[in-house]
Structures are given as C-alpha cells and as structure tokens.
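1. no FASTA, just this:
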C-alpha cells in the first residue's frame, strides 16, 4: 500500500482534511499506541476522533486508491456522528474491534449488516470486517454462511471479491464432517471465481494474488491436488509478471513474499534466491530479504547459507517479528540435526519476547515458545 | 479473513519520504499527531503497518 497507494496524486485533495500518522507496529516507540489500539492485522487503517480519542472508522486490510477515498469519506462521516441505525452499529463494532473485543465486535458488525438500508455504501466494509471478526474468533461456519448470504449483495465490487475469498477460506477450514461444508465450499468457490473473472472490478496485484490463493485453497480443500497445483503455477507466473512491471525496487519487492510462497509450493525454492538477493542489494536496511533467503536456503537443504542469511536478518530486525526469525533459525538447526543449538535459539527467542514492552509483548507468543522448547 | 491474513504480506515498507510526497505523514508519534488533530479540528488518519 505504501509502495502503490499512498503516493497517488489522486489523494492530494484529502491532505488538509486529516492529520496523517504512520505507525510501524514493530517499533518500540509505538508500544503505548498499540496498547491503546491493538492491531492484530496488518495493515490496519483507522480514523480517530480527536475529541474522544476513539476509533471512528477501522479497516483491517490494504486498500486501493478508490477504496481509500471511500474509507476517508466514511471516517469523516463517522466522526461527525451522522448516520442511521446501521452506521451506529458499525461505529460500535469498529470501536470494539479496536479495543481488542473481537467477539463483541462480530455481533455488532452482524447487527450493522442486518440493519443496512438498501444502497448503504458501508455494507462492503461492514461485511469484510464481520467475516474477519468471525474467522478470528473461530466461528468458521458463521463466517462462510454470512459470506454466502452477503456475496450476492456485493457482487461486482472489491468488497464482494474479498467476502467471497474470505468465505471460501472459512468453508475450507470447516471439519470434513460438517454437513454444510461441501455446499458452502462450492457456492463460495464459484463466487470467488466469478469475482476473479470480473474485469470491471478495480483490483490491485495484491487483491488478485489473494484471489489466486483463495482458489488454490478451495481446490485443495476439495481434494483436487492437480487443479491446485496448476493454479499455483498460474499464480506464480502472474506474480513474476507483476514484479517485472514494477517501477521501483519497493514495488518489485512487495511481491517477494508471495513469490517465495508460490516457489515453495511448487517445490522450486531455488527460484527465490536471485530475486531475494536483488532485494537485499536494493533495500539493504530491510531484514525481510535475508529472512526469506534463510527460508529458501533451508528448503534447499543449504543449512550453512540459511544460517548466514538468518544472521544478517537478526542483525537488522526489531520488534515482535524478530521472534519469527529466531523460530526459523531454530528450525534450520533442527533440520541440520543440531538440537542443542535449536534449544538455545528458542531460549534466546523467549528472552527477547519477554523483553518487549507492553503493547508489543504477547503472553500467547511466550507460552507458544515455551511449549515448543518442551517438545524439543 | 483468510485473504487479508494471507495477503497482508504485500504491503511492504517503502521510505517515509515517498508517502510524504502526497500526504504529510507524521511517523511513529501518536502524541504529536493527536495533538495536531485536536488543534486543527480534523480527524486523525492512522496507517498501522510493518516492514514486510
């Protein structure tokens, strides 16, 4: 979003209508902000009412320029307190979600969607937020059922595409014995494919990549490995083409994580190496390229190269995501057969995780690391 | 929201300077930003992100 959207001149007319704040959730300077406004999904876009210091609009996800314009208009409207019953429920839901009360937020998002008048322009955002809240609170059947109900109302929009793809993911994650699973999976896969094929929807490369992932997941959930593999190859080619069209190193690198995932799924991790080496040269301060190189080298069985790349990533990383780099390091040691070094790495990760300030520190993460250590 | 969880990876870091070309972002300073929003009587927009 930073590479493609926030630099768009079409947003200039909004410059004086808001104060603009960028919060790097990995930076310890933002711990107090994160304690006040927990951010479980990245990116998350908020509009805060300065009088109340409360969230008036919340969108968990990235946005295209047209989406962002709409979100900004919604945010201004919400701060002014103008709206109907559905708007009021949506405002309550956004505030609850921003306070980390996801289950309560889901109920209010559902109320907003239920009370939505015909043509309500916030239906897309409310629906997307509802599905996220349901999936985050393990209410997968409700998530898929709501998606199937809401999709026809949102068809032909980017929100419709997101609702379909989120819903198909929820359906695929349902237990095999769930009697509604097959029908929901089929309905939502058809909807996702329809959105994918709808050329009238303004979609970022990221959006389209997400639809590919949803369709691949749907084929896997249906047990159709052959089609899933074919789609993964298409997805990989699509990502390569998008990266080739990028105008800046940042834009090109924005495709690295998905390209790595696609290469790994196709069992060709070696294809990621030149791409990540290029990114490491282009963006020398960024820990992500060496961190991903470590993953690729590990998959290739080149453990020494993996550890060297992981060293470079650890030296540059900061914030909660550094814990993931420690985890990768432990996994490399395990794959290499060095159990003691793996244990030491997890102990280092625990010490680091416990040292993070409130707002960034996660008791759940510390507990998961300790559990991992016990099993080693 | 599998899609968001799986695809948030595309929203990588760019330099702050690039974003500032169009929108005057304050970086990592909520106290300053909310104070400015209060005095200028406009809402505060927040982009919460991470290098990815």
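-> All right, it came through fine. Note that the coordinates shown come from a computational prediction; the quantities given were computed from them, not determined experimentally. Residues are numbered from 1 along each chain as shown, chains lettered A, B, ... in the order given.
2. who's in contact with the lengthiest helix in chain A?
-> In chain A, taking DSSP state H as the definition, the longest helix is helix A:225-245. With Cβ atoms under 8 Å, 6 or more residues apart in numbering or on different chains as the contact definition, helix A:225-245 has outside contacts at A:205, A:208-209, A:212-213, A:215-216, A:219-220, A:252, A:255, A:258-259, A:262-263, A:265-266, A:275. C-betas here are computed from N, CA, C, even on glycine.
3. which ones, among the residues you listed, also lie beside chain B?
-> By Cβ under 8 Å from any Cβ of the partner chain, the members of those lying near chain B are A:205, A:209, A:213, A:255, A:258.
4. assign a three-state SS to the second one, would you?
-> Under the three-state scheme (DSSP: H, G, I helix; E, B strand; the rest coil), residue A:209 adopts helix.
5. without its sequence neighbours, what residue ends up closest to it?
-> Distance criterion Cβ to Cβ, 6 or more residues apart in numbering or on different chains; nearest residue to residue A:209, sequence neighbours excluded, is residue A:258 at 5.2 Å.
6. the fourth one too?
-> Beyond its immediate neighbours in the sequence, the residue positioned closest to residue A:255 (Cβ to Cβ, 6+ apart) is residue A:243, lying 4.3 Å away.
7. does stretch A:37-48 reach chain B?
-> Yes. With Cβ under 8 Å from any Cβ as the criterion, chain B is reached by stretch A:37-48 at A:37, A:39, A:41-48.
8. keep only those of those residues that are in strands.
-> Among the residues of stretch A:37-48 next to chain B, the members found in strands (DSSP state E) are A:44-48.
9. can you pull the poorly scored residue ranges out of chain B?
-> Along chain B, the parts satisfying pLDDT under 70 run over B:1-21.
10. and the longest strand for it?
-> Max-length strand for chain B by DSSP E is strand B:44-49.
11. hmm, residue A:54 and residue A:95 touching each other?
-> Yes. Taking Cβ atoms under 8 Å as the definition, residue A:95 is a contact partner of residue A:54 at 5.9 Å.
12. where along the chain do the strands fall?
-> No chain in the question, so chain A it is. Using DSSP E, strands in chain A cover A:19-24, A:44-49, A:54-60.
13. that answer is for a different chain, and I need it for chain B
-> Applying DSSP E to chain B gives strands spanning B:25-27, B:44-49.
14. circling back to that earlier point, now for the longest strand of chain B, which elements pack on it?
-> On a contact count with 3 or more Cβ pairs under 8 Å, 6 or more residues apart in numbering or on different chains; DSSP states H and E, strand B:44-49 meets strand A:19-24, strand A:44-49, helix B:30-40.
15. format those as TSV; extra columns: distance to residue A:60 and mean neighbour count.
-> Formatted as TSV, the helices and strands packed on strand B:44-49 follow (distance: least, Cβ to Cβ, whole Å; neighbours: other Cβ atoms under 10 Å in any protein chain shown):
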stretch	distance to residue A:60	mean neighbour count
strand A:19-24	14	24
strand A:44-49	5	24
helix B:30-40	19	16
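16. quick one, what contacts the closest residue to residue A:167 other than its chain neighbours?
-> Excluding its sequence neighbours, the residue lying closest to residue A:167 (Cβ to Cβ, 6+ apart) is residue A:147, at 2.3 Å. By Cβ under 8 Å, 6+ apart, the contact set of residue A:147 is A:131, A:163-164, A:166-168, A:170-171, A:188, A:191.
17. same thing but 10 Å
-> Neighbour list for residue A:147: A:127-128, A:130-131, A:134-135, A:154, A:160, A:162-171, A:184, A:187-188, A:191-192 [criterion: Cβ atoms under 10 Å, 6 or more residues apart in numbering or on different chains].
18. roughly how far apart are it and residue A:171?
-> The gap separating residue A:147 from residue A:171 is 8 Å, by Cβ to Cβ, to the nearest Å.
19. residues shared between the contacts of those two?
-> Shared contacts of residue A:147 and residue A:171 (Cβ under 10 Å, 6+ apart): A:184, A:187-188.
20. just give the number of residues close to residue A:351.
-> Other residues lying near residue A:351 total 12 when counted by other Cβ atoms under 10 Å in any protein chain shown.
21. an error on my part: the question was meant for residue A:29.
-> Residues near residue A:29, counting by other Cβ under 10 Å: 13.
22. hmm, it is touching residue B:32, no?
-> No. Checked against Cβ atoms under 10 Å, the pair residue A:29 and residue B:32 is beyond contact range at 11.4 Å.
23. just to revisit the earlier point, now tabulate the strands of chain B in TSV and tack on mean neighbour count.
-> Output for the strands of chain B, formatted as TSV (neighbours: other Cβ atoms under 10 Å in any protein chain shown):
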stretch	mean neighbour count
strand B:25-27	20
strand B:44-49	26
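24. out of the ones you listed, nearest to residue A:102?
-> Closest to residue A:102 of the strands of chain B, according to Cβ to Cβ: strand B:44-49, at 16.0 Å.
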